[in-house]
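# fold the following for me, if possible:
(4 chains)
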Amino acid sequence: MDLSCTPGDEEFRARLREWLAAVLPGLPPKPSPDDWPGRRAYDLGWQRLLYDAGYAGLHWPVDAGGRGATPTRHLIFLEETEKAGAPYVGANFVGLLHAGPTIAAEGGAAQRARWLPPVLRGEEVWCQGFSEPDAGSDLAALRTRAHRDGDDYVVSGSKIWTSHAEVADWCELLVRTDPKAPKHRGITWLAMPMDAPGITVRPLRTLAGSAEFAEVFLDEVRVPVGNRVGEENDGWRVTMVTLSFERGTAFVGEVVACRRVLRELAYEARANGRWDDVPLRRRLGRLNAEFRALWRLTQWNVSEAERTGGVPGAGGSVFKLRYSQARQELYDAAAEVLGPDGLDLDRRWTADRLSSLSYTIAAGTSQIQRNIVAERILGLPKGR
Amino acid sequence: MDLSCTPGDEEFRARLREWLAAVLPGLPPKPSPDDWPGRRAYDLGWQRLLYDAGYAGLHWPVDAGGRGATPTRHLIFLEETEKAGAPYVGANFVGLLHAGPTIAAEGGAAQRARWLPPVLRGEEVWCQGFSEPDAGSDLAALRTRAHRDGDDYVVSGSKIWTSHAEVADWCELLVRTDPKAPKHRGITWLAMPMDAPGITVRPLRTLAGSAEFAEVFLDEVRVPVGNRVGEENDGWRVTMVTLSFERGTAFVGEVVACRRVLRELAYEARANGRWDDVPLRRRLGRLNAEFRALWRLTQWNVSEAERTGGVPGAGGSVFKLRYSQARQELYDAAAEVLGPDGLDLDRRWTADRLSSLSYTIAAGTSQIQRNIVAERILGLPKGR
Amino acid sequence: MDFRLDDDQRALRAGVRELLTRRFGRERLRAAVDPPRAAGAADGPGRPGGGAPAPVLDRVLWRELGEAGFFALRLPRARGGVGLGLAEAVLAFEEAGRALLPGPLVATHLAAGEVPGAATGECVVAAVDGTLVEWLEEADVVRGDVTGAVALRPVDPLTPLHRVDRAAPPDPVAALLTAAEQLGSAARTCALAVQHARTREQFGQPIGAFQAVKHLCSEMLVRVEVARSAVYAAAVTGDPPDIAAARLLADEAAERGARDCLQVHGGMGFTWESDVHLHLKRAWCRARRGPCAAQSEEALAEDLLAPEECPEECPGECPRECPGA
Amino acid sequence: MDFRLDDDQRALRAGVRELLTRRFGRERLRAAVDPPRAAGAADGPGRPGGGAPAPVLDRVLWRELGEAGFFALRLPRARGGVGLGLAEAVLAFEEAGRALLPGPLVATHLAAGEVPGAATGECVVAAVDGTLVEWLEEADVVRGDVTGAVALRPVDPLTPLHRVDRAAPPDPVAALLTAAEQLGSAARTCALAVQHARTREQFGQPIGAFQAVKHLCSEMLVRVEVARSAVYAAAVTGDPPDIAAARLLADEAAERGARDCLQVHGGMGFTWESDVHLHLKRAWCRARRGPCAAQSEEALAEDLLAPEECPEECPGECPRECPGA
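Below you'll find the predicted structure:
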């Protein structure tokens, strides 16, 4: 049980801090949330800075253009960038964390050469076309279909919960190519250019009032067969490679941020007098325990990932179950600290409270996660 | 929405109070918990007093020897006897609340004449042989078997969770008479004399350290065919008549008692200084809300039962889900109020805390109750 | 004792529900949430709720409510009211909560007979409740001290809010009517969850066939039924501890019900187009009206130390506010 | 950074588990709970726990624990100890909690090097912890003020208890070792629940195939893993807020774990013969050791107001007890 860093890791941290201190003050102002072209430019600009400084694709394999850093170093990177207030991964999310790693693992040489460098250099944005209105928890039930027509797949259907669709260059797309096969066996992975004819993007407004997501409607969109990664009908396996590419680092920045929010809450409570409310104060104390433990669980998962080469087990589900709950409790406590102002959207915590409501739903509901933990870790039988 | 009592009900209440005030001081001392013959005598003696005063079988139909009282009057009876500190139904429980009503509803004239009066007069004790080690939540999976041999059924198997088995005269027994039929269709209801050869009673110690229950082993016990109530293989339906004979009054006395305990807790906390612990005090306040509401829900269910003639719907499951939880929370709070003495078995609340642990399990686990509420009230589909 | 609704009460409830279904059904609700934009309005969906115009109170509907007796319900007939009691008011407000009917309903109802025009719905009355005022700018009359009131950008699109410095002392009837609204909302989100669970299919069956979903819905119903008993009983007794209990349980049923309803709806519940979030946000707003949960809990704790039944001659020493004292 | 157990730590854990399985397996546990009765003893099962003889400490086992280094684990080698750290002690106490090993383990461990014979297990040391003393009458040495100590009839059959008037100030190491025991118990009840859920059949399938049971077990595991991270990290850092967090989470994992395990076991779990209640009762006892949950929560709240990282020159003004200060 060693929580100390190696001298090499400490040096990495020190240099990163130095670099962040030097580069962050020179960043342009953050664009407003509804300025999609501005956000794209801002996020790509940040990625370019990372690239030039040697931090792009830190956790990618070296032969894919990445830095092949250990999970520990990736943890340090995420921790320090969050603490320094650096930009989020933003529009580069799918490229860096889903589509890119998938192509790195399953793509051919030409595909890797075509698609990976622009992601690392901050030149191209990817979005994700997985979920559908009728395929949420049951993702493999997706119905967007594609058939071969010469050198193209012709794709029709619709996707939902697609971030950055308005400004993406590419979409990693799951389509059904064999409707007769068992549902996991008839799916294919395609890289769809977002400027292809037949694509309609419609913003999807969430309960937070924002339009972070979109619906994507596909009407006979032609995607070259050469854009297929993996074999036809093998897309489910290809996708699972992506989804299991996490190393327990998915929420590092967020946990760091939650701990900061918790401290801010304590100071706010002290300032507005709510600190004298004993039950509320103890609740904040318990949340401190909660997020301290979640930070330690992150370190635990990262250490496990380091041993297994970056592919964790269902431990990510354990973390997500607890974290999604704790995050909601954090913002409920924030509303208590704010009192009447907890109903004010101009207080940042109110908007964050709204977005926290998605955490027990998105990327696998808590109900699905509990099934995963019960069946894959505890070995309980599937129901009939 | 009328919570007031009719003049007739008020008069009933007044007379009952008068009678209780007159009769309770003359009761013999309560026997110790492990003095089974003493408990039997005490409980039967109390029943005899009720009989002589006209309160026996208050909720039984008149043609079964009961008083045919409305659910409201039964509620008043239970409320007032609890408030006055009268004895509990004790050893008369199965006779008055399960076996008796079953015989009243489904038995023949001779059976009613034989079995009902001794229950009302406090002369005979019944116990219940339903659950088996492998048939708990899934009661219909019971395996104790019986086959006809002349004018007898010959019964072998074992039963569990049988209260008062040591001192009972009769056991209402469910046996499997057709092993080939679907599980609900091969069950028969028998009245088994507890002095029949082949019956072994073994006390079953609970986690509270007491032996309120027993296991009953049956080795070729002969039960006359004339002791069968209902048709052969129709015992499941016969039993369900019993189980649905509740009128929302099952926990009246307990809710009254819980509200008294809660007040005692508050006084204890004020005496020992824990009242100044704000979170604990607010927790007691919330429990006050909880038990006030449970009392109102009881009144609601009784009013519903009054309209439907005493057969409530799945509303009993709604009550039981919340009450079993609230009761556990009450005794958890009691342990907090007591502090270190919450670990002392000589404090009555500690033993009650232990027994409260069975409430989410006995008579249908909370998981089963939630299925019932979801499927029977909300109309959600059964799983495949 | 017959705790059930009597025939008149059932008729009243049906009447209010019919009125609200007809005059404030789902289309009207959504139109109120997202009013048609003036041409060239710049409020893009990317701005989180930003620049959304303050909601406008439907004064025609308000007067219809007045004509139907919603505000004058408890006003004696001699003074032009309907002459009914708290029980009937609770039923009406439960329906309002179910329908997410917007506006300062409680404040106007309480003003009937005291503020001219309130009873008939001609006058819209707002009031300080806790440290907030709902619908201050749309109101014709505002009760309470609103000096220096500051507008919030409200989380619920149909509840404009101002914050004031000095909290108004909580009014028990207002607390109970708020509880009734919460109850109606809780019953509605339970129904919405069940409806969704019956029809939404995943993994080849309605999601309501999965125990996890089933049990979420069961617990929602349990909270509703427990809260309902408490709210109706408080309406009958008017007893302050009963009202405090009703409010605590109804607040909880509404907030947790809306959350569980969202969970059952999954991603669909997270969209603006779903009504689920409207119930959650309104429940949050109502929960901020006075008394707060801590006050209710403290009052109920104090009540435990009071004598169980008030003696015939009340010595006035116990914390219970006897109805007759 | 490698948070995992190293090879030595794994070997130590395996060694302790092997020792306890061999010397305090299930049969020994049950024999300790229900010692063979002397002929004619009148302790009928109908008397709730009544007259049960006070448990006797197995001094042979105690010395074996001493020989295995259980008590001297953190004592420097120069003083005859094993010379290991808090991390190793936590692993050993986790195993003790898993096995429900009785006795004043924490007190004797803390006394090693201070009370002669404690390190070797020749001397049994009890101590005031919170306002309770465990195993007072069986102890050779008692630390703390036990004037006027009153015996309780203890809820856990293997934890004799006396109450004292003056609470001892909580010791952070004792708190952490208690957390480790709670963690071991929580892990064990999770495993027991899973085992039962896999084998017990109702409605034609193992009950573990029902989502309701599955999800109970999942949440048990989540609590265990979260508590484990907190306990192990606190053992590495020794930081008081880390210890407070570990203790809160481990107490919760143990108590709720035992309850959920009981729920999964149904009626069978309610019997005296099941081990589930022993875990629950012991968890209740351990949770009463100092600091109480309120103290831990208050300390963790105060910690939020402390500077995030202590400046190089500690001004000594923040509530954090810096390891180097």
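# who's in contact with the closest residue to chain D within chain C?
Using Cβ to the nearest Cβ, residue C:211 is the residue of chain C that sits closest to chain D, at 3.8 Å. In short, each C-beta sits where N, CA and C put it, glycine included. Residues in contact with residue C:211 (Cβ atoms under 8 Å, 6 or more residues apart in numbering or on different chains) are B:367, B:370-371, B:383, D:210-212.
# which residues in chain A form helices?
In chain A, the helices defined using DSSP state H lie at A:7-23, A:36-53, A:71-83, A:93-94, A:100-106, A:109-121, A:235-243, A:252-272, A:278-308, A:315-338, A:348-356, A:366-372.
# now find how far off-centre the third one is within its chain.
In terms of Cα atoms, centre = their mean, to the nearest Å, the centre of helix A:71-83 is set 15 Å apart from its chain centre.
# list the buried ones in it?
Within helix A:71-83, the residues scored as buried using 16 or more other Cβ atoms under 10 Å in any protein chain shown are A:71-83.
# can you lay out these as CSV showing distance to residue B:132?
Formatted as CSV, the buried residues of helix A:71-83 follow (distance: Cβ to Cβ, whole Å):
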residue, distance to residue B:132
A:71, 53
A:72, 56
A:73, 60
A:74, 56
A:75, 54
A:76, 59
A:77, 60
A:78, 56
A:79, 57
A:80, 62
A:81, 62
A:82, 58
A:83, 61
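# closest one of those to chain C?
residue A:82 (21.8 Å).
# could you find the closest non-adjacent residue to the residue of chain C closest to chain D?
residue D:211 (3.8 Å; Cβ to Cβ, 6 or more residues apart in numbering or on different chains).
# residue farthest from the centroid of chain C?
Relative to the centre of chain C, and counting by Cα atoms, centre = their mean, the farthest-placed residue is residue C:204 at 38.0 Å.
# that one and residue D:214: what is the separation?
Applying Cβ to Cβ, to the nearest Å, the value for residue C:204 to residue D:214 is 19 Å.
# returning to that earlier point: and the buried residues of helix A:71-83 near chain C, which?
By Cβ under 8 Å from any Cβ of the partner chain, no member of the buried residues of helix A:71-83 lies near chain C.
# what's the most distant pair in the residues you listed?
Greatest spatial distance among these (Cβ to Cβ): A:71 and A:83, at 18.3 Å.
# spell out which residues of the stretch 101-250 of chain C are next to chain D.
With Cβ under 8 Å from any Cβ as the criterion, the stretch 101-250 of chain C meets chain D at residues C:210-212, C:215.
# quick one: which of these sit in helices?
C:211-212, C:215.
# what number of residues lie near residue 93?
Let's take chain A. Residue A:93 is flanked by 18 other residues according to other Cβ atoms under 10 Å in any protein chain shown.
# sorry, should have said chain C
By the criterion of other Cβ under 10 Å, residue C:93 has 28 neighbours.
# ok, now the one 5 residues further on?
Using other Cβ under 10 Å, the number of residues around residue C:98 comes to 22.
# show me the strands in chain C, by range?
Using DSSP state E, the strands of chain C run over residues C:125-129, C:132-134, C:141-143, C:150-151, C:161-163, C:201-202, C:205-206.
# same thing with the stretch 51-200 of chain A?
A:126-129, A:145-149, A:152-163, A:170-176, A:187-193, A:199-204 (DSSP state E, counting those that start in this stretch).
# now tabulate the ones you listed in JSON lines and tack on distance to chain C.
Shown next, in JSON lines, are those (distance: least, Cβ to the nearest Cβ, whole Å):
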{"stretch": "strand A:126-129", "distance to chain C": "14"}
{"stretch": "strand A:145-149", "distance to chain C": "19"}
{"stretch": "strand A:152-163", "distance to chain C": "6"}
{"stretch": "strand A:170-176", "distance to chain C": "16"}
{"stretch": "strand A:187-193", "distance to chain C": "16"}
{"stretch": "strand A:199-204", "distance to chain C": "5"}
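# residue in chain A nearest to chain C?
Using Cβ to the nearest Cβ, the closest approach of chain A to chain C is made by residue A:34 at 2.2 Å.
# correct me if wrong: residue C:163 contacts residue C:128.
No. Here residue C:163 does not reach residue C:128: they are 10.0 Å apart, not a contact under Cβ atoms under 8 Å.
# more crowded one of those two?
Each of residue C:163 and residue C:128 has its neighbours counted (other Cβ under 10 Å); residue C:128 has more, 23 against 19.
# which ones are touching the closest residue to the more buried one other than its chain neighbours?
For residue C:128, ignoring the flanking residues on the chain, the nearest one in space by Cβ to Cβ, 6+ apart is residue C:144 at 3.0 Å. Neighbour list for residue C:144: C:127-128, C:133, C:164, C:168 [criterion: Cβ under 8 Å, 6+ apart].
# so where's the chain shaky on pLDDT?
Reading this off chain A. In the predicted model of chain A, residues A:243-247, A:309-313, A:384 satisfy pLDDT under 70.
# the intended chain is chain C.
Looking at chain C by pLDDT under 70, you get C:38-51, C:308-325.
# how is it carved up into domains?
Domain segmentation of chain C under automatic domain parsing yields C:7-36+C:52-163, C:172-304.
# would you list these in CSV and tack on distance to residue B:144?
What follows is the domains of chain C, written out as CSV (distance: least, Cβ to Cβ, whole Å):
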stretch, distance to residue B:144
domain C:7-36+C:52-163, 48
domain C:172-304, 29
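# of all those, which lies closest to residue A:202?
domain C:172-304 (11.8 Å).
# that closest one: how far from the chain's middle?
Offset of domain C:172-304 from its chain centre (Cα atoms, centre = their mean): 11 Å.
# list the contacts of the residue nearest the centre of chain C.
The centroid of chain C falls nearest to residue C:181 when counting by Cα atoms, centre = their mean (2.5 Å). Residues in contact with residue C:181 (Cβ under 8 Å, 6+ apart) are C:93-94, C:96-97, C:105-106, C:286.
# not counting sequence-adjacent ones, nearest residue to it?
Distances taken as Cβ to Cβ, 6+ apart place residue C:97 nearest to residue C:181, at 3.3 Å, with adjacent residues excluded.
# residues touching that neighbour, list them.
Per Cβ under 8 Å, 6+ apart, neighbours of residue C:97: C:180-185, C:188, C:254, C:282.
# those residues into JSON lines, with extra columns for distance to residue B:347?
JSON lines is the format used below for the contacts of residue C:97 (distance: Cβ to Cβ, whole Å):
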{"residue": "C:180", "distance to residue B:347": "41"}
{"residue": "C:181", "distance to residue B:347": "43"}
{"residue": "C:182", "distance to residue B:347": "38"}
{"residue": "C:183", "distance to residue B:347": "38"}
{"residue": "C:184", "distance to residue B:347": "43"}
{"residue": "C:185", "distance to residue B:347": "42"}
{"residue": "C:188", "distance to residue B:347": "45"}
{"residue": "C:254", "distance to residue B:347": "38"}
{"residue": "C:282", "distance to residue B:347": "45"}
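# and which of the residues you listed is nearest residue A:100?
Top of the list for closeness to residue A:100, among the contacts of residue C:97 and by Cβ to Cβ, is residue C:282 at 42.9 Å.
# in contact with that closest one, which residues?
C:97, C:100, C:156, C:158-159, C:185.
# do residue C:141 as well
Residues near residue C:141 by Cβ under 8 Å, 6+ apart: C:111, C:115, C:118, C:123-126.
# just list whatever residues bridge to it.
Legend: beta-bridge partners of residue C:141 under DSSP bridges are residue C:125.
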